[in-house]
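A.B. asks: Take a look and give me a structure for this.
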Amino acid sequence: MNIPKGKKIYFASDNHLGAPTPEESRPREKKFVAWLDEVKQDAAVIFLMGDLFDFWFEYKTVVPKGFTRTLGKLAEISDSGIPIYYFVGNHDLWMNGYFEEELNIPVYHEPQEFTFNNQTFLIGHGDGLGPGDMGYKRMKKVFTNPFSKWLFRWLHPDLGVKLAQYLSVKNKLISGDDDAKFLGEENEWLVQYCKRKQEEKHRDYYVFGHRHLPLTIDISEKSKYINLGDWIGYYTYGVFDGESMELKEY
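C.D. replies: Next up, the predicted model:
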């Protein structure tokens with residue numbers, strides 16, 4: 001895809017709307033909607049990189065209550081013809097057609113490669129990639145197993161959503177634990193993942209979320225890993241102007 005002159009590509013990740021409570025997250029949601037209102041003016045594409053919600057599960061006829069401002073704004077932007085792409089995160093991995101059918105937003109469960117103005121991007125949420133984190137990788141296989149989803153669906157939404165929200169808020173990154181600290185390139189699994197992928201094929205940018213840290217790290221002389229940070233403490237986002245990409249704060 002060639003980006004028209006004056007247009008830009010925007011990237012945002014890890015809003016965790018609904019955490020720690022709907023009331024406490026609403027100011028963050030309003031701020032995010034205001035950001036969407038601004039970037040739609042010159043957006044060629046918008047990438048939402050996962051964990052938009054702190055919990056999301058799609059029953060056959062029910063989706064979690066709330067997030068009306070966000071969903072309405074996404075519908076407006078999508079209806080206006082601006083493409084939006086969504087990558088599920090570890091908190092909203094149980095998406096199953098609602099975004100595609102209701103909002104016309106494609107949803108991806110694995111990293112995808114895109115080319116804009118002859119620059120190649122590998123894009124994804126970032127959970128479970130790279131070496132290590134074997135406990136989470138095993139748990140993700142359980143969560144994404146069709147039988148597990150079938151069992152959960154038998155819980156009444158009032159019980160299932162409440163239970164999942166309680167467990168989700170216990171996540172250390174949301175509860176304020178200090179795990180979200182830069183560990184050094186050798187200990188950052190996503191950095192190691194990007195370096196291995198770069199050995200297979202050159203990409204100009206590796207763009208991920210999940211770590212809740214705004215980071216820009218050289219993978220090679222002509223390649224960068226960018227982590228988008230979050231919309232909890234940093235309010236950072238990525239923007240590609242057709243020539244280069246940078247992180248900005250809203």
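A.B. asks: what's near enough to touch residue 50?
C.D. replies: Residues near residue 50 by Cβ atoms under 8 Å, 6 or more residues apart in numbering: 13-14, 86-92, 124-127, 209-210. Yep, even glycine has a C-beta here, placed from its N, CA and C like the rest.
A.B. asks: Which of the three states applies to it?
C.D. replies: coil (DSSP: H, G, I helix; E, B strand; the rest coil).
A.B. asks: do the same with residue 34
C.D. replies: Here residue 34 is helix, with the state taken from three-state DSSP.
A.B. asks: cool, residue 148 as well?
C.D. replies: helix.
A.B. asks: can you give me the helices for the chain?
C.D. replies: Under the criterion DSSP state H, helices of the chain are mapped to 22-39, 68-79, 98, 134-143, 146-153, 157-169, 172-175, 189-200.
A.B. asks: Read off the pLDDT value for the closest residue to residue 6 other than its chain neighbours.
C.D. replies: Residue nearest to residue 6 in three dimensions, not counting chain neighbours: residue 42, with 6.3 Å by Cβ to Cβ, 6 or more residues apart in numbering. If you check residue 42, the pLDDT there is 97.
A.B. asks: Residue 42 and residue 235: what is the separation?
C.D. replies: Distance, residue 42 to residue 235, using Cβ to Cβ, to the nearest Å: 19 Å.
A.B. asks: who has more neighbours, the two?
C.D. replies: residue 235 (18 against 14; other Cβ atoms under 10 Å).
A.B. asks: Please tell me how far that one sits from residue 214.
C.D. replies: Taking Cβ to Cβ, one finds residue 235 at 10 Å from residue 214.
A.B. asks: Identify the contacts common to those two.
C.D. replies: The contact lists of residue 235 and residue 214 share 229, 249, where a contact means Cβ under 8 Å, 6+ apart.
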